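Q: below are the sequence and a predicted model for it; my questions follow.
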Amino acid sequence: MLSRTASELYWMSRHLERAENMARMLDVAWNLSLIPFAATVEDEVAAPLKITGTLDRYIARYDTVQINNVMHFFSLDEENPGSIYNCIRSARENAHAVRGRITSEVWESINATWIELQNIRRYGLIAMGASAFMDWVKERSHLFRGAAYGTMIRNDAFRFIRIGTFIERADNTARILDVKHQIHAGQGNSAVDYYRWNALLRSVGAYEAYRELYTDRVTAEQIAEMLIFRAEVPRSLRSCVEMLAELLPAVEGEAGLDAKRLVAVQFSRLQYGDIHHVFDIGLHEYLTDFLRRINELADTIQSAYLELV
Amino acid sequence: MIKAGSPPPGGYDEMFSAPGAAQPHYAAYWRWLEGVSMDTVERKRKEADLLFHRVGITFNVYGAEEGTERLIPFDSVPRIIPASEWTLLERGLLQRVRAMNLFLHDIYHEQEILRAGRVPADQVLANAHYQPCMQGIDLPNEVYAHIAGVDLIRNSDGDYYVLEDNLRTPSGVSYMIENRRMMMRLYPELFARHRVAPVDHYPALLHEMLEQSCHVTHPCVVLLTPGRYNSAYFEHAFLARQMGIELVEGADLFTRNGIVYMRTTAGPQQVDVIYRRIDDDFLDPLAFNPDSMLGVPGLLSAYREGNVVLANAMGTGVADDKSIYPYVPDMIRFYLDEEPILKNVPTWLCRNPDDLNHVLANLDELVVKEVHGAGGYGMLIGPASTREQIARFREQLLAAPENYIAQPTLSLSTCPVFVEQGIAPRHVDLRPFVLSGREVRLVPGGLTRVAMKEGSLVVNSSQGGGTKDTWVLEDGAC
């Protein structure tokens, strides 16, 4: 398939996945802001800024970290390139550029999302309700994924859509875990911990999964283990990389040897990894290293398949 | 509500022959219309708008903010053509396009028609759209205009006239197909009452024709688009998808040793046929416009070596130029030894002093068009213009008379459209699409464009025109 087409498809799904992850993160920040832990709320509200590395840009626009501003900044703010609004706009532009290569159902799901989003923006987040908005974003993302999964031929177009999804998701899970762990480290208030760890689980849609896999109380080690190593959890690093390790070798042609090798190496590190080892070297250090590797993989995919020259 | 339609005074209406009297081929539709409530029509109209938006059947507007997308107004009263009329139109269209392809082959080879004095040589050879680089190049099947869109109108005398030929990159065929799909979705019951000839197989015919247009057995065919901000991008994506071919932009292609390749995730892949929706001037920055970001450097020399087929060929613009138009009937006589089946509109060429004098004396009655204009821009409709507009146009005309032609103001036929209070007549034209491969074919139908403003004669979508579904009835159905 055309490199440009592959690139548009890859970025289309990355942008949509990013919008969904953003919605999950905001949902949690919003809910935590409603629970009165005077001393710690600010950290939670600021977490999305730290996770996405946008604290400086935010401060330049709003001065203080305050929940309503943070919500607006990440949802409908046109000035923030990482807002849900801009992610969906970019995804729709990517889709528009290759609408000949996606099924009409996939195209319509994205196009309808964009049309509705413009309406939502006209009336503002308050009018719709923050939780309702986040639910809507998640639903639209599910719809896109369902349409893609249910109607697209299993060819390279489909593979590049999936590759974009899992690169973005792996990056996001690692960032959330890293930032949340730093906020929580060293605090011993069990009631606060309870809400915070649960919030983290909810932000990666893994609350029910944790309850099913670990019957005892929530601990930092177990959460880290689940989100890094457990194959059953769809947003864990291992699941994401496993999908990439399945998808990349199936892409036609000889162009991507480097990418195929990198993903195989990374997959075996996760497949045969050990949480005790992770905590020995430090979770933050481990995740920083993971982020570097996943971004190296993304760069390699970019240069092997997606660039025109 | 006003359902009692009537032809406009002195005009020809597609549906009504006299007040309240439907023509025979509209009889069944008229019976249905009399029984349907305006609420239903309004509800269906909203449904159609929503669907068109959702599906993204839009066009981009030049001059507006980049990426502005608008819907082309769609009217759900069909334009119906009886089988007997279509048979004649079809024969006339095939004849006309055949002759124009012969003309193009001739002027890029022996130039017999010029030597015979039937078309003035300078009109062809000094024409801005004549491509000297095409001289002596042999094309597969000797076809130049693989896809032709012929604009027809019906005058108050009830006869069809060819208003214009489009042999470069005619567009609009996607609306022909989408309008039909929309009508079948909105009003399935109408299709049970009429035997409407299908048009949905157009992309299949087009694909077959493109594959036949080169000598390779299983050629790699692509559609070359200027990109997503082009006004017809929807159509490019639509046709590529329907044919199952790659939709490429200039940057996706490159040439090496006279071969055209596209850049794919699996490396370079050779391209055999390019259905291009980019004008000649932008195709190859090395040969034509050096600023073009849309084209492919080296494409022209690959083309001249015969390693790739362009559809349409380069240099077809010389045959659909408005200054060549008056000679088309003569081409038919010259090459086919037949009398033209379709009429031409009488045309004055302002480059001829006698014609110019006539035009200047009658500006308030004539339609004056730029020879190279398109899309309804740069024209004067005498009877609909103010004195100042005419005076200003006169100056433009005198400054460069060779740039203009003039025609009598024809009263385009009308067809009813739904308006708030019921139905009302609006002017329409018709653009069928003719495909030339090893044989010349067309699907029964075309794009009917309609001027949505009362009394307006401008049907172009860039000027607020709308579209209708066009029904060619099969024999025995009326």
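A: All right, it came through fine.

Q: where does whatever residue of chain A ends up closest to chain B land on pLDDT?
A: For chain A, the residue closest to chain B is residue A:253, as judged by C-beta to the nearest C-beta, at 2.9 Å. No exception for glycine: its C-beta is placed from N, CA and C like everyone else's. At residue A:253, the pLDDT value in this model is 82.

Q: can you list phi and psi of whichever residue of the stretch 151-300 of chain B sits closest to chain A for me?
A: Per C-beta to the nearest C-beta, residue B:266 is where the stretch 151-300 of chain B lies closest to chain A, at 2.9 Å. Here is the backbone geometry of residue B:266 (degrees, to the nearest 10): phi -100, psi 20.

Q: helix, strand, or coil at the residue of chain A closest to chain B?
A: Judged by DSSP: H, G, I helix; E, B strand; the rest coil, the three-state class of residue A:253 is coil.

Q: so who does it touch?
A: By C-beta atoms under 8 Å, 6 or more residues apart in numbering or on different chains, the residues touching residue A:253 are B:264-267.

Q: enumerate the residues of the stretch 151-300 of chain A near chain B.
A: Contact residues (C-beta under 8 Å from any C-beta of the partner chain) of the stretch 151-300 of chain A with chain B: A:156, A:160, A:251-255.

Q: can you pick out the most distant pair from those?
A: By the measure C-beta to C-beta, A:160 and A:254 form the most distant pair in these, at 16.8 Å.

Q: these two: which is more packed in?
A: Taking other C-beta atoms under 10 Å in any protein chain shown, residue A:160 and residue A:254 do not tie; residue A:160 has more neighbours (26 against 9).

Q: show me the contacts for residue A:168.
A: A:13-14, A:17-18, A:21.

Q: tell me the secondary structure at the closest residue to residue B:467 other than its chain neighbours.
A: Nearest non-adjacent residue to residue B:467, counting by C-beta to C-beta, 6 or more residues apart in numbering or on different chains: residue B:175, 5.1 Å away. Here residue B:175 takes the helix state, with states given by three-state DSSP.

Q: for chain B, longest helix please?
A: helix B:83-107 (DSSP state H).

Q: give me the helices and strands touching it, please.
A: Here helix B:83-107 touches helix B:112-115, strand B:147-154, strand B:160-166, helix B:317-320, helix B:328-331, strand B:433-436, strand B:440-442, going by 3 or more C-beta pairs under 8 Å, 6 or more residues apart in numbering or on different chains; DSSP states H and E.

Q: pLDDT on that helix, on average?
A: On average, helix B:83-107 scores 97.

Q: quick check: angle from it to strand B:160-166?
A: Helix B:83-107 and strand B:160-166 meet at an angle of 40 degrees, taking axes from the mean of the first three to the mean of the last three C-alpha atoms, to 10 degrees as the criterion.

Q: which regions of chain A sit below the pLDDT cut-off?
A: A:36-41, A:185-192, A:308-309 (pLDDT under 70).

Q: tell me the domain ranges of it?
A: Domain ranges of chain A: A:1-152, A:169-309, per automatic domain parsing.

Q: winner for burial among those domains?
A: Ranked by mean neighbour count, these are led by domain A:1-152 with a mean of 19 (mean count of other C-beta atoms under 10 Å in any protein chain shown).

Q: and the longest strand for chain B?
A: Longest strand in chain B, counting residues (DSSP state E): strand B:422-431.

Q: who does that strand touch, helix- and strand-wise?
A: So strand B:422-431, by 3+ C-beta pairs under 8 Å, 6+ apart, packs with strand B:74-81, strand B:147-154, strand B:160-166, strand B:414-419, strand B:447-451.

Q: residue B:296: which of these is closest?
A: Closest among the helices and strands packed on strand B:422-431, using C-beta to C-beta: strand B:147-154, at 20.0 Å.

Q: show residues contacting the closest one.
A: Contacts of strand B:147-154 (C-beta under 8 Å, 6+ apart): B:12, B:14, B:89, B:93, B:96-97, B:100, B:160-167, B:170-173, B:206, B:275, B:311-312, B:342, B:410, B:412-413, B:429-436, B:447.

Q: rewinding a little: which of the contacts of residue A:168 fall in helices?
A: A:13-14, A:17-18, A:21.

Q: low-confidence ranges in the stretch 51-200 of chain B?
A: Those would be B:58-69, if you go by pLDDT under 70 across the stretch 51-200 of chain B.

Q: quick check: residues of it near chain A?
A: So the stretch 51-200 of chain B meets chain A at B:53-56 (C-beta under 8 Å from any C-beta).

Q: returning to that earlier point: most neighbours per residue, which of the helices and strands packed on strand B:422-431?
A: Most buried among the helices and strands packed on strand B:422-431, counting by mean count of other C-beta under 10 Å: strand B:447-451, with a mean of 26.

Q: give the next helix or strand downstream of that strand.
A: Sequence order places strand B:465-472 as the next helix or strand after strand B:447-451, per DSSP states H and E.

Q: you'd agree residue A:95 is in a strand?
A: No - under three-state DSSP, residue A:95 falls outside any strand and is assigned helix.

Q: residues in contact with it?
A: So residue A:95 contacts A:8, A:12, A:102, A:106-107, A:110-111 (C-beta under 8 Å, 6+ apart).

Q: helices - which of these land there?
A: Per DSSP H, these map to helices at A:8, A:12, A:106-107, A:110-111.

Q: restrict these to contacts with chain B.
A: Checking the ones in helices among the contacts of residue A:95 against chain B (C-beta under 8 Å from any C-beta), the matches are A:107, A:111.

Q: the closest residue in space to residue B:119 that isn't next to it in sequence: neighbouring residues, count only.
A: Excluding the flanking residues, the one nearest residue B:119 by C-beta to C-beta, 6+ apart is residue B:327, at 4.7 Å. Per other C-beta under 10 Å, the neighbour tally for residue B:327 reads 21.

Q: what's the closest non-adjacent residue to residue 90?
A: Let's take chain A. Using C-beta to C-beta, 6+ apart, the closest residue to residue A:90 is residue A:15 (4.6 Å).

Q: I was thinking of chain B, sorry if that wasn't clear
A: residue B:442 (6.6 Å).

Q: touching, that neighbour and residue B:93? I think so.
A: Yes - with contact defined as C-beta atoms under 8 Å, residue B:442 and residue B:93 form a contacting pair (6.2 Å).

Q: which one of those two is surrounded by more residues?
A: Higher neighbour count among residue B:442 and residue B:93: residue B:93, with 24 against 21, using other C-beta under 10 Å.

Q: contacting residues for that one?
A: B:150, B:342, B:432, B:434, B:442.

Q: and of these, the nearest to residue B:332?
A: residue B:342 (9.1 Å).

Q: and that closest one, how far from residue B:88?
A: 9 Å (C-beta to C-beta, to the nearest Å).

Q: higher neighbour count, these two?
A: residue B:342 (20 against 12).

Q: any idea how far chain A is from the more buried one?
A: 34 Å (C-beta to the nearest C-beta, to the nearest Å).

Q: that residue against residue B:92, yeah?
A: Yes - Residue B:342 lies in contact with residue B:92 (C-beta under 8 Å); the separation is 3.6 Å.
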